[in-house]
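In: one predicted model, sequence on top.
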Amino acid sequence: MGKYTLRRLLQMIPVVIGSTFLIYAMVFSLPGDPTAGKCGERPCSPQYVAQFKEKYNLNDPLPVQYVKYMGNVLQGDLGESQYGVPVRDELADRFTTTLKLGVVALAFEAIIGIGAGVLSGLRRGGFIDNLVLVSTLVVISIPIFVIGTVLQLYLGVKWGIFPVTVGSDAPWFDLLLPGMVLGSTSLAYLARLMRSDLSDTMRTDYIRTAHAKGLPQGRVVGVHALRNSLIPVITFLGYDFGALLGGAIITEGIFNIHGIGGYVYRGIGDRDGMVVVGTVTVLVLVYLLANLIVDLVYGLIDPRISHD
Amino acid sequence: MRGIYRAVGVVAASALALTLSACGGDDSGDDSEAGLTVFGCNPENPLVPQNTAETCGGDPQDLTVAKLIHYDVENAAPEYDIAESIETKDNQNFTVKIKPDYKFSDGTAVTAESFVKAWNYAAWGPNAYQANYFFEPFAGYGAMQCVPPENVELGEEEDPCAKYPPTDKDEALDGLKVVDETTFTIQTTEKVSNLEVRLGYTAFAPLPESFFEDPEAFGEKPVGAGPYQVDEWTKNEEIVLSKNPEYSGEFPGIEDKITFRIYENAEAAYADLQAGNLDVINQIPTDSLIDDKWLSDLDDRGTSRPVGVTQTIGINPVADKSLDNPDLRKAISMAIDRQTVIDQIFAGTREPATGWVSPVVDGFKAGACGEWCNYDPEAAKKLWDSAGGYDGALTLAVNNDSDHGPWAEAACNSIRQALDVECTVDLSRDFATFLTDLGEGKIKGMFRQGWQMDYPSIENFLVPLYSAGASSNYYGPYDNPEFEELTRKAAAAPDLDQANALYQQAEALLSEDMRIIPLWYATGQAGWSDRVQGEVAINAFGVPDYRNVELN
Amino acid sequence: MTDTADAALVPHASDEVNDARPVSAEAWRSLRANPLFWISATLILVFVLMAAWPSLFTTLDPRTSVLAEARRGPSSEHWFGQDRQGYDLYTRCIYGARASILVGLTATIGTSVVGVTLGLIAGYMGGWVDAVISRFAEIFFGIPLLLGAIIILQSVSFGNSYFAIVGQVAAVLIVLGWPSIFRLMRSAVIQVKPQEYVQAARALGCSPLRIARSHILPNALGPVIVVSTINLGVFISAEAALSFLGIGLRPPTVSWGVMISDGAGAMQSAPHGLLFPSLFLSLAVLAFIMLGDAIRDAFDPKSK
């Protein structure tokens, strides 16, 4: 187990370097002067441009910039944004918020997704199954910005059930509605996954045996079938967590949440390489760690999988 | 010089639905604590008046900074604020007397020195301040800049100040002299007839001693002589202002505390306003403007007025030789159904332009564009055909990170249908790329331009945009000796009326070339919550008059 | 927005290939009996016809705008009403099918080809080849789809023609989407490889290429087909999100995504401008997922 973890951790190194370099190179190659638009309608003065480029190492060739940058990252310094705020501080602040949003989204997704999946998986092809199919697909095919604004308008502004936007310290209750919106995107996958796993499990011999023993349906499903069908579902949730964090741009915009989505989006517009690369680096790390944890947990749950 | 920043900084963000910032929510429920909470956005730069070129930093500073001149909210007429008197006999030598009792919020007195030192700092080239060019008319400006000799081409990455430092030794403008504690003189290189109007711009604010000790720290927590002071600026969240205890001027505020809550998304702010979490907003989402829906949403707690912002379509005939014939450009102008675009796309919140100058400023005269700005598809088609038409597809380039797509598409459709020429909207650039490509003359066909005035003068809509050396003169550049001559004469005119008449003649010249096609004049909206007593007024810059807002 | 139905189905893949045997004939029989299959196939056929020959469905030009009539609701003349540019919404929905389906199909085919090829190589070869390709895939997999797409689309431009714009959106989806198919394929291959019939083929001296092509590929493709059909719908709606952010397809290209993002800007004043393109998008996504579902059921030996 320890060996396996170590190997996985080592394997992460080239991946992190690869992703960050890729992002760094792309941000660097974005067309347009990073100072364009910094001085209103007018182009910035040559002095301003020169000071700016000096300050952010923009005069070095790309690999040099990247190495300098990574050197600093290793020392825990993610650089400074063009607004003069250290990226690390701001990221720490914003990441907590997005993390909370991600947790709410994941919880919502898990509860509703698994519930819907169980309902439809127990009777494949039945009315409930088709209802779940259609409703989850409707959610998948309506873009998130539409779901978000509609829910905000009705549940927030008109009916006052939820707060309209999220407060500055992002209290959990405020994040409920945005979390639901964000989580709805992968709801359909989860429901479908749960459905097919459960219906597969329900046809296995040991479930048939359980039925034959005369166990009540609730117990068969709850204790025997569900536990075994949950493994791939948990795997999916683990993978999805990273995707939720990186996909929160639009949700954060609608609900004025100061998370990492808007931060990195503005960073791209400003050609603010420090912000973009810093954020993506953290996202990639979280994603890889989440994957690792899922794999480890997976091994713990399922004794057939060994990591030795 | 706030330029199109408002449009880009805020609306852009809203169209893209992103956010950074935050702090909406229910935390304003506590009325007594929160004071007045108003819409804010993220300042681009530290809060130094001389280094602010956009509204996000400008709006709060309008409250914390006092200048020599204050513009009337209603008609933008200049009135004395810190100035006791500004006198000149020749429009070139000015004597400024200031009121003796003004104090900065840190308790130090505002003296003639506070102005002169601040202006020298901003005009000093190596400081690279954004307001630098506002001091161009002042005597000795040239010696303060880093200018390479004529025959030297600087590399793109090179800092001109490294090799060619300014020749001025004392880092001070020759044209500024402190006479005594409350008097200083200004000398300009050439005559400037509207200097008084200009002096109300934030570039001409005074700065306290503490600024020069540590400009960076100052930018985080600025000190000004305005009715309010900055209590706290929490990045991405809010800028909290409270009353300046030292304020003795004539324009005090009512509420004790004003909080600019930072949004990068007008939709989210509007939702908060409806829910009662925000008191004043000056960005209403277009969708809610349609059929005056916002006024019914807000129970008529909204107002609208013309503001000093114009939108134009520019053409660079040097970059696009096939649009070199002015008749083609006139035909394009006549082919745009401005009124219908305004009604359908902007819900009527624009005025069709009849010239290049905004109607809110002194010196405005309607109709400078003449017949060319009237929608007349038949005449347009005739003119177009007789001028030879255009091969291929016309493009109208707008930056894609703002909400310009809809009107551009509508304008293009109007042109396409009237002139029977293919017209498509080019949305391939974001703002940074857009400006860079414009500067390099890479954009063919038509492109969008916008201008928000710095100070309410006809001159501000002409000279910074269309004079030969102007830095955002992307129109070829436009270089009309007659235009130069008239604007120079206007600057030297003995009084404002004569100056304005000359500027109007210069403006009329633009219609001969039509490199810049006027589209519309903007209006500004403000909406407010039911906590606000009475009405909220908007000034000619589109900024609500927060000073005079009173809560129930 | 999660990128794809991805890896979650990996562990699952084993179930479907455990009883590996020639399944096509049997699968076809069960497909024919499934009404879902026929419904989805008909819908897809209609959408494909729309994409190929829009003029079959409408006589109007999608770019005919009567601005003065903007935002009018459905009428006998304009079945779906008009949008805020005064375009006929019905005609735009028909013409929008082409770009949307093109993006979806290109991205799906692209991700499948790249993912299957690399997955096959990595899974079959194993060892360092597998390690290198897997790490390479993880590099792309770790970059969030939306962020990556924004950066790539801002920095790369294929040009301004119709196919260039559609192509560049599809290309971005391929670049960021292939690793999920790769992972699926790789693990499916690893599951299939130890099976007796593969061992037998090897013992008989078949070349690795032949084994891969005629034994492993057909039996590992099942899960890929299922996920790909789901992904097709996802790609179509990802295009909408990118267009909403101003970096996906753009006018004059018409797509459902462009229409939805236009319509979202006038959601309150002209809800029909949002409703109809969303409806088309939902139906298309639904059709492809139902097809994937039907195929999955047909290939799944345990569902009988």
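Out: Ah, there it is. Residues are numbered from 1 along each chain as shown, chains lettered A, B, ... in the order given.
In: any figure for the gap between the most centrally placed residue in chain C and residue C:170?
Out: Closest residue to the average C-alpha location of chain C: residue C:232 at 1.5 Å, with Cα atoms, centre = their mean. Noted for residue C:232: a distance of 12 Å to residue C:170, by Cβ to Cβ, to the nearest Å. To be clear about C-beta, it is placed using only N, CA and C from the backbone, and glycine gets the same treatment.
In: show me what counts as buried in the helix or strand of chain A with the lowest mean pLDDT.
Out: Of all helical and strand segments in chain A, the minimum by mean pLDDT, DSSP states H and E falls on helix A:46-55, at a mean of 75. By neighbour count on 16 or more other Cβ atoms under 10 Å in any protein chain shown, the buried set for helix A:46-55 is A:46-53.
In: again with stretch C:274-285
Out: C:274-285.
In: also stretch C:222-240?
Out: C:222-224, C:226-240.
In: among these, which lie within helices?
Out: The helices, defined by DSSP state H, take in C:222-224, C:226-240 from these.
In: now the helices for the stretch 101-250 of chain A?
Out: A:127-141, A:144-151, A:172-202, A:205-212, A:217-219, A:226-246, A:249-254 (DSSP state H, counting those that start in this stretch).
In: by contact count, what packs against the shortest one?
Out: Put plainly, it is helix A:217-219. Counting contacts by 3 or more Cβ pairs under 8 Å, 6 or more residues apart in numbering or on different chains; DSSP states H and E, helix A:217-219 is packed against no other helix or strand.
In: for residue A:132, see how far away the closest residue to residue A:117 other than its chain neighbours is.
Out: Spatially, and ignoring its direct neighbours in sequence, residue A:117 is nearest to residue A:194 (2.3 Å; Cβ to Cβ, 6 or more residues apart in numbering or on different chains). Noted for residue A:194: a distance of 10 Å to residue A:132, by Cβ to Cβ.
In: can you pull the residues that touch both of the two?
Out: Common neighbours of residue A:194 and residue A:132, counting by Cβ atoms under 8 Å, 6 or more residues apart in numbering or on different chains, are A:116-117.
In: can you show me the strands along the stretch 251-400 of chain B?
Out: Assigned by DSSP state E, counting those that start in this stretch, the stretch 251-400 of chain B shows strands spanning B:257-262, B:280-281, B:302-315, B:350-352, B:394-399.
In: what's the following helix or strand after the last one?
Out: Scanning forward in sequence from strand B:394-399 by DSSP states H and E, the next helix or strand is helix B:405-419.
In: for whichever residue of the stretch 51-200 of chain C sits closest to chain A, what are its contacts?
Out: Per Cβ to the nearest Cβ, residue C:144 is where the stretch 51-200 of chain C lies closest to chain A, at 2.4 Å. Applying Cβ under 8 Å, 6+ apart, we find residue C:144 in contact with A:242-243, A:245-247, A:280, A:283, C:3.
In: got the contact list for residue 47?
Out: This is for chain A. Counting by Cβ under 8 Å, 6+ apart, residue A:47 touches B:125-128, B:146, B:159-161.
In: you looked at the wrong chain, it should be chain C
Out: C:97, C:101, C:283-284, C:287.
In: what's the helix or strand for it?
Out: Residue C:47 belongs to helix C:35-52, assigned by DSSP H and E.
In: could you check the angle that helix makes with helix A:127-141?
Out: If you take axes from the mean of the first three to the mean of the last three Cα atoms, to 10 degrees, helix C:35-52 sits at 20 degrees to helix A:127-141.
In: got the buried residues for helix C:35-52?
Out: Of the residues in helix C:35-52, C:36-37, C:40, C:43-44, C:47, C:50-51 count as buried by neighbour count, 16+ other Cβ under 10 Å.
In: could you list the alpha-carbon positions for that helix in CSV?
Out: Taking Å, rounded to 0.1, in the frame of the first residue of the first chain, the C-alpha atoms of helix C:35-52 are listed here in CSV:
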residue,chain,number,x,y,z
PRO,C,35,-38.7,0.8,-29.1
LEU,C,36,-36.2,3.3,-27.5
PHE,C,37,-33.8,2.4,-30.3
TRP,C,38,-36.4,3.2,-33.0
ILE,C,39,-37.5,6.5,-31.4
SER,C,40,-33.9,7.7,-31.0
ALA,C,41,-32.8,6.5,-34.5
THR,C,42,-35.7,8.4,-36.1
LEU,C,43,-34.9,11.5,-34.2
ILE,C,44,-31.3,11.3,-35.1
LEU,C,45,-32.2,10.8,-38.7
VAL,C,46,-34.3,13.9,-38.7
PHE,C,47,-31.6,15.9,-37.1
VAL,C,48,-29.0,14.6,-39.6
LEU,C,49,-31.3,15.5,-42.5
MET,C,50,-31.7,19.0,-41.0
ALA,C,51,-28.0,19.4,-40.8
ALA,C,52,-27.4,18.2,-44.3
